[in-house]
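Participant: please work out how this folds:
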Amino acid sequence: MKIVFATNNPNKLKEIQTLIPKEIEIISLKEIGCTEDIPETGDTLEANAFQKVHYIKENYNYDCFADDTGLEIDTLNGAPGVYSARYAGPEKSAEANIEKILNELQGKENRSAKFRTAIALTLNNEEHLFEGEINGHISKVKQGNEGFGYDPIFMPENEKRSFAQMSMEEKGTISHRGRAVKKLVAYLNNLSSPDTEQ
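Facilitator: A predicted model of the protein is given here:
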């Protein structure tokens, strides 16, 4: 099975490729000739994910899946949430986003947070949604050099390391995106199973 993953983020593409079994071939937007920034104007993660798959279906006629992910911090009333990528500005700088969060949480006792991922899928004229989340907290300083985005300051529950201190494989077994992808893969595997009635 081949399917397009609607992202221009090379880090996300790499992470998804480590989570998806080799029987499912991921095609990047670059490979289908899509180099433009796909609009993300929804006010929820789910809306943004579906906006991306609709854009690819309407403009390139490919079945595909897309994710949108948000970091939701309790003390900040769920911010940055749907604005996670551009929290510190439209340039989408991970460093600037992290600095803004750390500044806003200075002196705050409650540093609880969660990561949430919504994956939208269009396939055979049907639409599906797969979600994953993980609770944790925001560390006071950056820790680790792996991963991307907010990984250096997110400490998942029951862990003494940030996502940025884990290998991509380790992160994938517990992360929000990993959990959503598992549901996506289970659905795709079920479709391709010889016992499944089409």
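
Participant: could you use CA atoms for every contact and neighbour count after this?
Facilitator: Will do.

Participant: buried stuff in stretch 22-41?
Facilitator: For stretch 22-41, burial by neighbour count (16 or more other CA atoms under 10 Å) applies to 26, 27, 28, 29, 34, 38, 40.

Participant: any chance of those residues in CSV, with distance to residue 113 and pLDDT too?
Facilitator: Converted to CSV, those look like this (distance: CA to CA, whole Å; pLDDT from 0 to 100):
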residue, distance to residue 113, pLDDT
26, 31, 93
27, 32, 94
28, 31, 92
29, 31, 95
34, 34, 95
38, 28, 91
40, 23, 90
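
Participant: residue 74: which of the residues you listed is nearest?
Facilitator: residue 40 (23.6 Å; CA to CA).

Participant: part of a strand, is that closest one?
Facilitator: No - under DSSP: H, G, I helix; E, B strand; the rest coil, residue 40 sits outside any strand and is assigned coil.

Participant: helices of the chain, start to end?
Facilitator: Assigned by DSSP state H, the chain shows helices spanning 10-19, 45-60, 94-104, 168-174, 176-192.

Participant: that older thread, mind putting the buried residues of stretch 22-41 in JSON lines, distance to residue 97 included?
Facilitator: As requested, those are exported to JSON lines (distance: CA to CA, whole Å):
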{"residue": "26", "distance to residue 97": "29"}
{"residue": "27", "distance to residue 97": "29"}
{"residue": "28", "distance to residue 97": "26"}
{"residue": "29", "distance to residue 97": "26"}
{"residue": "34", "distance to residue 97": "27"}
{"residue": "38", "distance to residue 97": "21"}
{"residue": "40", "distance to residue 97": "18"}
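
Participant: residue 98: which of these is nearest?
Facilitator: Taking the buried residues of stretch 22-41 together and measuring to residue 98 by CA to CA, the closest member is residue 40, at 21.0 Å.

Participant: surely residue 167 touches residue 145?
Facilitator: No - look at residue 167 against residue 145 with CA atoms under 8 Å: they stay out of range, at 9.9 Å.

Participant: can I get the lowest-mean-pLDDT helix or strand in the chain in CSV, CA atoms only?
Facilitator: For the chain, counting by mean pLDDT, DSSP states H and E, helix 10-19 ranks last in confidence among helices and strands (a mean of 88). C-alpha atoms of helix 10-19 as CSV (Å, rounded to 0.1, in the frame of the first residue of the first chain):
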residue,chain,number,x,y,z
PRO,A,10,11.0,16.8,7.3
ASN,A,11,11.1,16.0,11.0
LYS,A,12,7.5,14.8,11.1
LEU,A,13,8.1,12.8,7.9
LYS,A,14,11.1,11.0,9.4
GLU,A,15,9.3,10.3,12.6
ILE,A,16,6.2,8.9,10.9
GLN,A,17,8.4,6.7,8.6
THR,A,18,9.9,5.1,11.8
LEU,A,19,6.4,4.4,13.1
